[in-house]
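K.L.:
Predicted model follows, preceded by the sequence.
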There are 2 protein chains.
Amino acid sequence: RRDLHNFRDSGRLLCLVLIVSVLMGVAAWAFLSSLSFVTHVREGQPALFLLLPVVGVLTVWLYRTYGGRATKGNNLVIESAGTGLLIKARMAILTFTCSVATHLAGGSAGREGTAVQIGGTIASNVSGLAKLKTYDHRDLVLAGISAAFGAVFGTPLAGAFFGMEMCFVGKLEYGVALYCLVASFTGDAVARFLGAHHGVNLITAVPALSIKTLGLSLVAAIIFGWIARLFTALIRTIKQLYARWAGHYIVPILAGSIVLTLLFLFTGARHYAGLSEWMVPAAFAGKTSLIDVASKLILTCLTLGTGFQGGEVTPLFGIGAALGGWLGTLVGLDPTLPAALGMLAVFGSALNVPVTTIMLAIDLFGGVGMHYFVIVVFVSYFITGHHGVYTAQRIMSPKR
Amino acid sequence: RRDLHNFRDSGRLLCLVLIVSVLMGVAAWAFLSSLSFVTHVREGQPALFLLLPVVGVLTVWLYRTYGGRATKGNNLVIESAGTGLLIKARMAILTFTCSVATHLAGGSAGREGTAVQIGGTIASNVSGLAKLKTYDHRDLVLAGISAAFGAVFGTPLAGAFFGMEMCFVGKLEYGVALYCLVASFTGDAVARFLGAHHGVNLITAVPALSIKTLGLSLVAAIIFGWIARLFTALIRTIKQLYARWAGHYIVPILAGSIVLTLLFLFTGARHYAGLSEWMVPAAFAGKTSLIDVASKLILTCLTLGTGFQGGEVTPLFGIGAALGGWLGTLVGLDPTLPAALGMLAVFGSALNVPVTTIMLAIDLFGGVGMHYFVIVVFVSYFITGHHGVYTAQRIMSPKR
């Protein structure tokens, strides 16, 4: 491994990190712009839900025919960081195109999966061109993950720590901190410079830490952890059912997407189509209920479990915020802090990234109510157990 | 190792953590009260500096005659966490008494060393009484460290992460997060309930992150890292010189403490005696200079290197804040943020605890200016290299 003083190699890697982050910033901006364009189009034209079976079947067929290892999604990026495996460029192109198509047709999905796969692909290809050794390759891929997360959510601190934490359960990779910080801040700055913008939600009241608020927080944290557990278990179950299907591989995705289409066309489920970015502000206003939580959870698991492309994070934000805001109003509190706690705790425990989640609280809410965030995030982290959204995560420190 | 669902054993350990934390909260309050009493006495009576040779010789003689392994200080606590070794009760009594004596005589030292050794001793003895297995023993000792740090500095978040981070370079022990959180919050609550209070310094201006402020932060971070490096190197050199001394073991401590006495009695060095808690507010007011930095650094290294008991953290806070505030006014900035950055970065890089340092920023400054803290803390962390104040730290993730 390189020495602290080996400035030449570190400097070279830093330049590659900058190249990857700038490219990722541009890609994130293009992806966010495409998403807001297709979301706008779909919201004016509910008939587009009819595209869901077409998009679903095409996605599954494309990945089966041309995808190769890309089918593994984020898990391939985690494997690439661990083993030095190079990722082919088509992974980025496939996930970009298919994710935008998912959102045009109204599938309930997010963005981070797509972004991380694009970031991993860019980093891996730059690494291949520069003929990096395995450990430099790993550092560059982790920086690519940081650039992706930071740029797509506009959260540079959380992005930096996501690259250090995502590939493991119970480990923060200190060695790449500087590369990940540079990557995340650069990716975010480039995306914002090109015009990316992000909604802001304010926490308007933070009660003093007392036995009562602490007790409420612990109960809430346990509920958030169990919802995250339910989410990952449901996606896994749907995927396993599909894998066991003995007939033609097109049948389950066709069936699943037709069910989704019917739900979106003829029931209130259409409120939960696409990103459903209204959910977080609604939760902060105390206007969400368990119906919102259950609907978004089931529709997202159906969408992602059947094989559509997209991420988990934005739906997890919506589910967690809706749940937290509802719990807050239920016990007569200002809903903003409970909504924010739910938003982050469900995300952090489903993905097994508690330190990233604490940083996300700083990025999104400016350091308000941090005692609550740290406590709730770690309690829900321990509740979810070892099976998170990313099955390729290596368990470095078991939860006991 | 225990299973997540093994509630009985976890519940038992949690009860032990609570017992340790309450005891530590009481001990921290007693220690802080003793310190403010002796500091008050000494400030009215400069002749007490004449006690330094007596205190120094007695401390070294006591540790040599009765101390046994306790001479290793915090490193023994780190070893105990790693190996399950039990710590004898006399370690806490020796360090408490000798640290208070150091401060009565005006030695330039801090508090965290004493607190961590008391916390480790309490935890180890409770663990011995409860006949805990090695891994439960480790968890309890780490929780004891958290309770100690949280209680003595009034910083519950930083305390929690200190227990997870202190024993390693480049690793955060996720598995003990809940125990450390409970310990730190409990220890702090008990100490405050008994009357412990802590000074508050406010950051009054945070410039927007720009190329200019980022460049200044990087330069400052490199300087902070080098000062931390200088501090640890100087203490180590003094200790090595003493170890090589071939004559009677009393001679070097006698010589060192006579030098300190003369400096305190006849030069301006007396401003830097004891905790020198005035340094941080002075730095926030922009009223510190390089003289303050150099004087406090040299006097602290002389005090701790020659064998007096006490901690490193409060002097490191003073040195870092004085340096940061001076750098801030030098370039025409509001000195509060630079002073705060210096205070935390010098501490965090000398002790190799970057995540704890970020949490400390939240505890002490309420989440203001966090982007600067994260960047500066990690850059200075990489500058200090592998040799921190605690030589027993295991290097889990090398800095490259």
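P.N.:
Great, that's in hand.
K.L.:
Distance check, the spatially most central residue of chain A against A:G348.
P.N.:
The centre of chain A sits closest to A:V313, judged by CA atoms, centre = their mean, with a distance of 3.1 Å. The gap separating A:V313 from A:G348 is 10 Å, by CB to CB, to the nearest Å. For the C-beta atoms, the positions are set from N, CA and C on the backbone; glycine is no exception.
K.L.:
Would you mind measuring from A:Q309 to A:F149?
P.N.:
From A:Q309 across to A:F149, the span is 17 Å (CB to CB).
K.L.:
shouldn't the residue nearest to the centre of chain A be in contact with A:F153?
P.N.:
Yes - if you go by CB atoms under 8 Å, A:V313 and A:F153 touch, sitting 7.4 Å apart.
K.L.:
Residues that sit against both of these two, list them.
P.N.:
Residues touching both A:V313 and A:F153 (CB atoms under 8 Å, 6 or more residues apart in numbering or on different chains): A:111-112.
K.L.:
the more surrounded of A:Q309 and A:F149?
P.N.:
A:F149 (34 against 28; other CB atoms under 10 Å in any protein chain shown).
K.L.:
Would you confirm that the more buried one contacts A:E112?
P.N.:
Yes - A:F149 lies in contact with A:E112 (CB under 8 Å); the separation is 6.3 Å.
K.L.:
Spell out which residues are contacts of both of the two.
P.N.:
Overlap between the contact sets of A:F149 and A:E112, as judged by CB under 8 Å, 6+ apart, is nil.
K.L.:
and the residue nearest to the residue nearest to the centre of chain A when sequence neighbours are not counted, how many residues sit next to it?
P.N.:
Distances taken as CB to CB, 6 or more residues apart in numbering or on different chains place A:E112 nearest to A:V313, at 3.9 Å, with adjacent residues excluded. Residues near A:E112, counting by other CB under 10 Å, number 26.
K.L.:
Quick check: the gap between A:E112 and chain B.
P.N.:
Separation of A:E112 from chain B (CB to the nearest CB, to the nearest Å): 21 Å.
K.L.:
repeat for A:K212
P.N.:
From A:K212 over to chain B the distance is 14 Å, taken as CB to the nearest CB.
K.L.:
And that residue, which helix or strand is it part of?
P.N.:
Using DSSP states H and E, A:K212 falls within helix A:211-244.
K.L.:
how about the very next helix or strand once past that helix: buried residues?
P.N.:
Later in the chain than helix A:211-244, the nearest helix or strand by DSSP H and E is helix A:250-266. Neighbour counts over helix A:250-266 (16 or more other CB atoms under 10 Å in any protein chain shown) mark A:252-254, A:256-257, A:260-261, A:263-264 as buried.
K.L.:
ok, which pair from those residues is furthest apart?
P.N.:
The most widely separated members of the buried residues of helix A:250-266, counting by CB to CB, are A:P252 and A:F264 (18.5 Å).
K.L.:
secondary structure class for the closest residue to chain B within the stretch 251-400 of chain A?
P.N.:
Using CB to the nearest CB, A:G367 is the residue of the stretch 251-400 of chain A that sits closest to chain B, at 1.5 Å. Classification of A:G367 by DSSP: H, G, I helix; E, B strand; the rest coil places it in coil.
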